[in-house]
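[1] next input, structure requested:
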Amino acid sequence: MSTGKTIQKREVGNKIEANNKIQKAPEKSPIQRWIGWAMRQSLKESITGQWNTALVRDNFSVEEAAAILAIPLSSREVDDRFAWHLEKNGKFTVKTAYRFSFSTSSSRSPFELTVGATFWKKMWKVCYNPHAMHYNILEWFNFCAKELLLRSLGDLMYLLWGVWKERNCRVWEHKSSQVGEVLIKVISRLNEFRFHNLKTEPSGVRTHMVVRWKPPPVGWFKVNVDGAYNYASRRGSGGFVIRDFQGTMVAGGGKVLPGLMSPEHAEARACSLAAQFVVEHDYLPAILETDSQIVYNHLITRDGRNTSTLGRIYDDIGVILDAHPHLKVSHTRRSANTVAHLMAACSRSFTEETFYFSAPSFLLTALAAEFCNL
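    Purely as a prediction, here's the structure:
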């Protein structure tokens with residue numbers, strides 16, 4: 001279905017410009033395109049390919065500058081492209097377009113929630129029972145637990161969590177959403193929660209198996225990578241450790257990572273740092289190992305340009321992987337990535353990008369522990 005209109009989020013080179021209105025995409029004149037290119041180049045440092053931090057902060061508010069500096073940049077010269085900012089993968093979907101249009105429509109009407117009328121009748125009876133006296137929230141929760149079925153109680157707790165999350169966004173992040181948008185998000189998450197929790201589990205007793213670090217094949221190197229992220233400061237660090245097939249650390253490094261958006265952002269940048277180091281110092285053939293399933297999935301499913309928020313980073317790593325067939329990617333559990341985790345944690349105190357070509361003192365104990373488990 002086409003209406004002749006577009007909702008756009010334009011990723012201009014390395015910068016993302018969002019347009020939340022539904023309108024016709026205007027045609028830019030050559031001079032407008034040149035001015036836009038000149039502005040983008042001035043905000044980037046030509047040598048490092050990173051944001052010109054001082055210039056960005058001088059020309060934008062604190063909030064705007066923080067948002068701009070968190071946008072990942074490519075280390076390569078790349079063309080402009082369009083990305084859909086309402087989806088994590090940057091690809092347009094009718095569902096998110098409908099939700100956006102519905103939540104911003106001034107003529108929206110009440111809609112049927114997917115949890116069902118029986119659920120809401122039960123909720124009304126429990127929450128507003130005039131014969132039940134509740135002096136605190138714990139008594140009220142206890143009453144709900146007795147009156148509701150387990151599934152209905154779980155739905156109630158999930159809905160309350162959605163309201164609490166919206167409250168935190170308003171208090172701490174000064175961001176607010178309309179009631180309809182909050183309901184849509186919560187109900188959608190509730191449906192996803194139901195879907196995953198209705199999956200049948202295999203019969204029998206489930207045992208928890210701790211995964212240990214395993215050395216690479218003879219003649220190969222294994223590069224364990226990890227990223228650390230602080231939600232309050234939106235800063236983090238990344239670290240990596242390179243070991244040979246005998247379990248000996250031959251190199252490693254880490255750095256502070258300012259201007260992050262998420263733990264995934266920290267992990268992706270740590271992988272980029274490790275991949276570049278491996279290629280520059282010829283630690284090949286090698287296996288790049290991460291404990292992030294999301295990052296791993298992005299790196300092994302490189303089917304064209306990645307239009308997600310962190311797509312530029314994944315594209316840059318993909319170029320390195322494509323150019324070096326003997327650099328592979330693997331995923332492991334957190335329990336098998338403790339040395340890289342420690343490297344990333346210690347990198348928070350680094351004043352500059354730091355590399356090692358032998359085991360530093362703060363990693364000796366962790367390396368010895370994993371070596372004993374081989």
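[2] what about Asp55, neighbour count?
    For residue 55 the amino acid is Leu, not Asp. Neighbour count of Leu55, defined by other C-beta atoms under 10 Å: 14. Every residue, glycine included, has its C-beta placed from N, CA and C.
[3] contact partners of the host helix or strand of Glu64?
    Using DSSP states H and E, Glu64 sits in helix 62-69. Defining contact as C-beta atoms under 8 Å, 6 or more residues apart in numbering, one finds that helix 62-69 is touched by 15, 43, 51, 53, 56-57, 60, 234, 258-259.
[4] tabulate these (a markdown table), appending pLDDT and secondary structure.
    Output for the contacts of helix 62-69, formatted as a markdown table (pLDDT from 0 to 100; DSSP: H, G, I helix; E, B strand; the rest coil):
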| residue | pLDDT | secondary structure |
| --- | --- | --- |
| Lys15 | 42 | strand |
| Leu43 | 60 | helix |
| Trp51 | 76 | strand |
| Thr53 | 77 | helix |
| Val56 | 78 | helix |
| Arg57 | 80 | helix |
| Phe60 | 80 | coil |
| Arg234 | 81 | coil |
| Pro258 | 88 | coil |
| Gly259 | 85 | coil |
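[5] going by distance to Val78, which of those wins?
    Using C-beta to C-beta, the shortest approach to Val78 within the contacts of helix 62-69 belongs to Lys15, at 11.1 Å.
[6] least trustworthy helix or strand in this protein by mean pLDDT?
    strand 15-18 (a mean of 42; mean pLDDT, DSSP states H and E).
[7] pull the most distant pair out of the contacts of helix 62-69.
    Leu43 and Arg234 (19.3 Å).
[8] between these two, which is the more surrounded one?
    The neighbour count for Leu43 versus Arg234, taken as other C-beta under 10 Å, is higher for Leu43 (20 against 17).
[9] pull up the distance across stretch 331-348, start to finish.
    One end of stretch 331-348 to the other measures 24 Å (C-alpha to C-alpha, to the nearest Å).
[10] mean confidence (pLDDT) on that stretch, please.
    For stretch 331-348, the mean pLDDT works out to 93.
[11] ok, now how distant is Gly254 from Phe350?
    6 Å (C-beta to C-beta, to the nearest Å).
[12] which neighbours do the two have in common?
    Ser237.
[13] so those two - more neighbours on which side?
    A side-by-side neighbour count of Gly254 and Phe350, using other C-beta under 10 Å, places Gly254 first with 30 against 14.
[14] for the more buried one, pull up the helix or strand it's in.
    Judged by DSSP H and E, Gly254 forms part of strand 249-257.
[15] where's Met157 relative to Asn142, distance?
    Met157 is 13 Å from Asn142, by C-beta to C-beta.
[16] that should have said Leu153, apologies.
    Taking C-beta to C-beta, one finds Leu153 at 11 Å from Asn142.
[17] the more surrounded of the two?
    It is Leu153, of Leu153 and Asn142, that has more neighbours when counted by other C-beta under 10 Å, with 16 against 12.
[18] how about that one: what's its closest non-neighbour residue?
    Ala145 (5.9 Å; C-beta to C-beta, 6 or more residues apart in numbering).
[19] outline the domain layout of the protein.
    The chain breaks down by automatic domain parsing into domains covering 9-104, 117-197, 221-372.
[20] now distance to Pro215 too, for these, in a markdown table please.
    Formatted as a markdown table, the domains of the chain follow (distance: least, C-beta to C-beta, whole Å):
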| stretch | distance to Pro215 |
| --- | --- |
| domain 9-104 | 31 |
| domain 117-197 | 35 |
| domain 221-372 | 5 |
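[21] pick the one among the contacts of helix 62-69 closest to Asp303.
    Lys15 (24.4 Å).
[22] any weak-confidence spans in the stretch 51-200 of the chain?
    Confidence mapping of the stretch 51-200 of the chain against pLDDT under 70 gives the ranges 80, 102-135, 188-189, 191-200.
[23] now the helices for it?
    53-59, 62-69, 94-104, 117-127, 137-147, 150-172, 179-197 (DSSP state H, counting those that start in this stretch).
[24] so how far is the second one off the chain centroid?
    Chain-centre distance of helix 62-69: 18 Å, with C-alpha atoms, centre = their mean, to the nearest Å.
[25] helices of the stretch 251-374 of the chain, start to end?
    Using DSSP H, counting those that start in this stretch, helices in the stretch 251-374 of the chain cover 263-280, 293-300, 311-323, 338-346, 364-372.
[26] may I see the buried residues of the fourth one?
    Neighbour counts over helix 338-346 (16 or more other C-beta atoms under 10 Å) mark 338-344, 346 as buried.
[27] just give me the residue closest to the centre of the chain.
    The residue lying closest to the centre of the chain (C-alpha atoms, centre = their mean) is Glu264, at 3.9 Å.
[28] ok, it to Gly90 distance?
    14 Å.
[29] try Ala368
    Applying C-beta to C-beta to Ala368 and Gly90 gives a distance of 44 Å.
[30] again with Ala344
    Taking C-beta to C-beta, one finds Ala344 at 27 Å from Gly90.
[31] same question, Ala275
    When Ala275 is compared with Gly90 (using C-beta to C-beta), they lie 22 Å apart.
[32] circling back to that earlier point, tell me the helices and strands packed up against the strand holding Gly254.
    strand 235-243, helix 263-280, helix 338-346, strand 354-356 (3 or more C-beta pairs under 8 Å, 6 or more residues apart in numbering; DSSP states H and E).
[33] list the buried residues in it.
    249-257.
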